[in-house]
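**Student:** just coords:
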């Protein structure tokens, strides 16, 4: 298929602008969670993940609508693993030796997670992951949003008062422009995060705020934080402790990365009608994260922040993906001096923006509706209750617990739902009201032969014995039936 190069390049540039907060995610979270010692490592991870690692799916001929980037859930989980593996002492900042052990061990964990994903794709287990209900992903996303927001609040409390002003200006600019975009769609060409950053930069210039860490670093000073170079440091750590953290960490990372990508794939298929081969994408995703672990990047998965703007702008081919990656590279290189000395207020503002981007829109709408009307969720809204449960587990416990608890709870809910028969018996057309006025001849025919048209309403799932029930129903239809209408609007995850 031929694509207009001008449209592809324009769409790629738009995707890079909208995905800016995701591209800066490793730098922001590394500094906020691990401290100033991780500035160089964070920028190197952002550069590798946003540019080099994101280019690999394009080289491996992955689907062009699945543009990779760091995502908040897997990134927050990965950063938390780094911190745990550093064995920090409460109240004492991390030093370079501890960070080397933590990053080396975490990169090995990411390597194992990538291998698990690739093997799952080779074993054609993609459909198994597609069966995980959306509330699980939404709950993990909301838990991540709360964690990111809490990290931002803690960072703000440790910063000077002027940082609060800078942050407030940036967040107000982001929120205001986001609200204007809903009223005037033409403004959507300029991403809200770019407007927020511009206003935040003006506020920093007016207040004269300093860097959040006070270090002087160069563009490529983080190369020695590449994952493969840190593996010998990890070997000098407490291997029993690292193994105990790494095994569940690798499994959870693989699960969260896969859920993030499958959520993006489902969105692309539903909104734009694209067809994605999930098993092939899992292999590409796994190999991408293996490379990210070796290079010192962060977890990478299909990014809605990049992919949706690209497709909305008309990008359909790999050229749009390459344009997005190259524009991100140019942005990171051009603004590297400023990013490496990022003021505290801007950093916290980016965390707030990231929390908004990653949170589930359905949950946000429900929360706003509840605050406006004073009414809580309905008693039958199982999906929303599941989202809230996983959110609380992720925030007050950790994302590892939330991931496995979410799958366990949702599996029980699905089993309970699909254990019921799809339908008890046939219905016939004489029991249904017509949307138009029936003629006297039609009414007479229905009275004389009420069972000429049989209606079967299917609901639930076509497994757990329900397919066998279909065969039984075929034998139970009335012998007078000459036509059958099958309604499938209530089928779920067939």
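**Tutor:** Received the coordinates, thanks. For clarity, every value in this text was computed on a predicted model and none was experimentally measured.
**Student:** contact partners for residue 331?
**Tutor:** Contact analysis of residue 331 by CB atoms under 8 Å, 6 or more residues apart in numbering lists 16, 20, 23. The C-beta positions use only the backbone N, C-alpha and C, and glycine is treated the same way.
**Student:** again, but for residue 228
**Tutor:** By CB under 8 Å, 6+ apart, the contact list for residue 228 reads 107, 294, 295, 296.
**Student:** kindly recompute the last result at 7 Å.
**Tutor:** Residue 228 makes contact with residue 294, according to CB atoms under 7 Å, 6 or more residues apart in numbering.
**Student:** so for the helix or strand containing it, mean pLDDT?
**Tutor:** Counting by DSSP states H and E, the secondary-structure element that holds residue 228 is helix 227-235. With pLDDT averaged residue by residue, helix 227-235 scores 89.
**Student:** tell me which residues in it are buried?
**Tutor:** Within helix 227-235, the residues that count as buried by 16 or more other CB atoms under 10 Å are 227, 229, 230, 231, 233, 234.
**Student:** and stretch 20-38, by the same measure?
**Tutor:** When burial is assessed from 16+ other CB under 10 Å, stretch 20-38 yields the following buried residues: 20-35, 37-38.
**Student:** stretch 277-286 now?
**Tutor:** The neighbour-count criterion (16+ other CB under 10 Å) identifies 278, 280, 281, 282, 283, 284, 285, 286 as the buried residues of stretch 277-286.
**Student:** and it, how far out from the chain middle?
**Tutor:** A distance of 16 Å separates the C-alpha centroid of stretch 277-286 from that of its chain, computed with CA atoms, centre = their mean, to the nearest Å.
**Student:** likewise for stretch 63-79?
**Tutor:** Using CA atoms, centre = their mean, the offset of stretch 63-79 from its chain centre is 7 Å.
**Student:** again with stretch 100-112
**Tutor:** Centroid displacement of stretch 100-112 relative to its chain, using CA atoms, centre = their mean, is 22 Å.
**Student:** residues making contact with it?
**Tutor:** Applying CB under 7 Å, 6+ apart, the external contacts of stretch 100-112 come out as 41, 78, 81-83, 85-86, 225, 227, 230-231, 233-234, 236-237, 242, 246, 249-250, 253, 289-290, 292-293, 296, 299.
**Student:** now the helix or strand harbouring residue 16: average pLDDT?
**Tutor:** Secondary structure assignment for residue 16, by DSSP H and E: helix 5-18. Taken as a whole, helix 5-18 has an average pLDDT of 92.
**Student:** returning to what we had before: just send the contacts of residue 331 back as TSV, with distance to residue 59 too.
**Tutor:** Formatted as TSV, the entries for the contacts of residue 331 read as follows, by distance: CB to CB, whole Å:
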residue	distance to residue 59
16	18
20	23
23	19
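**Student:** and the buried residues of helix 227-235, which is closest to residue 121?
**Tutor:** Compare each of those with residue 121 using CB to CB and the shortest gap goes to residue 227, at 21.9 Å.
**Student:** which non-adjacent residue is nearest the closest one?
**Tutor:** Here the nearest residue to residue 227 in space, its sequence neighbours aside, is residue 107; by CB to CB, 6 or more residues apart in numbering that works out to 3.2 Å.
**Student:** can I take it that that neighbour is in a helix?
**Tutor:** Yes: with DSSP: H, G, I helix; E, B strand; the rest coil as the criterion, residue 107 is part of a helix.
**Student:** what's the closest non-adjacent residue to the most centrally placed residue in the chain?
**Tutor:** Most central in the chain under CA atoms, centre = their mean is residue 260, positioned 3.9 Å from the mean C-alpha point. In space, not counting the residues next to it along the chain, residue 260 is nearest to residue 301; the distance is 4.1 Å by CB to CB, 6+ apart.
**Student:** does residue 17 touch residue 188 like I think?
**Tutor:** No: with contact defined as CB atoms under 7 Å, residue 17 does not count as touching residue 188 (11.1 Å).
**Student:** average pLDDT across stretch 480-489?
**Tutor:** Computed over stretch 480-489, the mean pLDDT rounds to 76.
**Student:** er, stretch 317-329 actually
**Tutor:** The average pLDDT for stretch 317-329 rounds to 94.
**Student:** same check, this time on stretch 362-379
**Tutor:** Across stretch 362-379, pLDDT averages out at 67.
**Student:** where in the stretch 151-300 of the chain is pLDDT low?
**Tutor:** Within the stretch 151-300 of the chain, the set of residues satisfying pLDDT under 70 comprises 212-219.
**Student:** quick one: the helices in it?
**Tutor:** Shown for the stretch 151-300 of the chain, the helices assigned by DSSP state H, counting those that start in this stretch span residues 161-183, 192-207, 227-235, 239-272, 278-295.
**Student:** which phi and psi values does residue 343 adopt?
**Tutor:** Here the main-chain torsion angles of residue 343 (degrees, to the nearest 10) amount to phi -70, psi 150.
**Student:** how about it, what does it touch?
**Tutor:** 163, 166, 204, 209, 210, 211, 212.
**Student:** how confident was the prediction at residue 54?
**Tutor:** We have a pLDDT of 95 for residue 54.
**Student:** next, it: phi, psi?
**Tutor:** Torsion angles, degrees, to the nearest 10, at residue 54: phi -70, psi -20.
**Student:** any regions of the stretch 351-494 of the chain where pLDDT drops low?
**Tutor:** Counting by pLDDT under 70, the stretch 351-494 of the chain shows low-confidence ranges at 371, 374-425, 430, 432-436, 459-471, 488-494.
**Student:** of the contacts of stretch 100-112, buried ones?
**Tutor:** Among the contacts of stretch 100-112, those scoring as buried are 41, 78, 81-83, 85-86, 225, 227, 230-231, 233-234, 237, 242, 246, 249-250, 253, 289-290, 292-293, 296, 299 (criterion: 16+ other CB under 10 Å).
**Student:** thinking again about what came up before, any idea how far the residue nearest to the centre of the chain is from residue 104?
**Tutor:** Look at residue 260 and residue 104: by CB to CB, to the nearest Å, they are 24 Å apart.
**Student:** cool, and residue 342?
**Tutor:** Between residue 342 and residue 104 the computed distance is 25 Å (CB to CB).
**Student:** mind listing the strands for this protein?
**Tutor:** Listed from the start of the chain, the chain has strands (DSSP state E) covering 68-69, 301-302, 427-428, 453-460, 483-491.
**Student:** if you compare those, which one is most tucked away?
**Tutor:** Each of the strands of the chain was scored by mean neighbour count; the highest is strand 68-69, a mean of 30, by mean count of other CB atoms under 10 Å.
**Student:** neighbouring strands - and their directions - for that one?
**Tutor:** Looking at strand 68-69 with DSSP bridges, its partner strands are strand 301-302 (antiparallel).
**Student:** what comes into contact with the strand it pairs with?
**Tutor:** Contacts for strand 301-302 (CB under 7 Å, 6+ apart): 66, 68, 71, 74, 257, 260, 261, 264, 265, 285.
**Student:** what's the spacing between the last one and residue 80?
**Tutor:** Spelled out, it's residue 285. When residue 285 is compared with residue 80 (using CB to CB), they lie 21 Å apart.
**Student:** just to revisit the earlier point, okay, residue 342 and residue 104: which has more neighbours?
**Tutor:** More neighbours sit around residue 104 than around the other of residue 342 and residue 104, counting by other CB atoms under 10 Å; the figures are 26 against 22.
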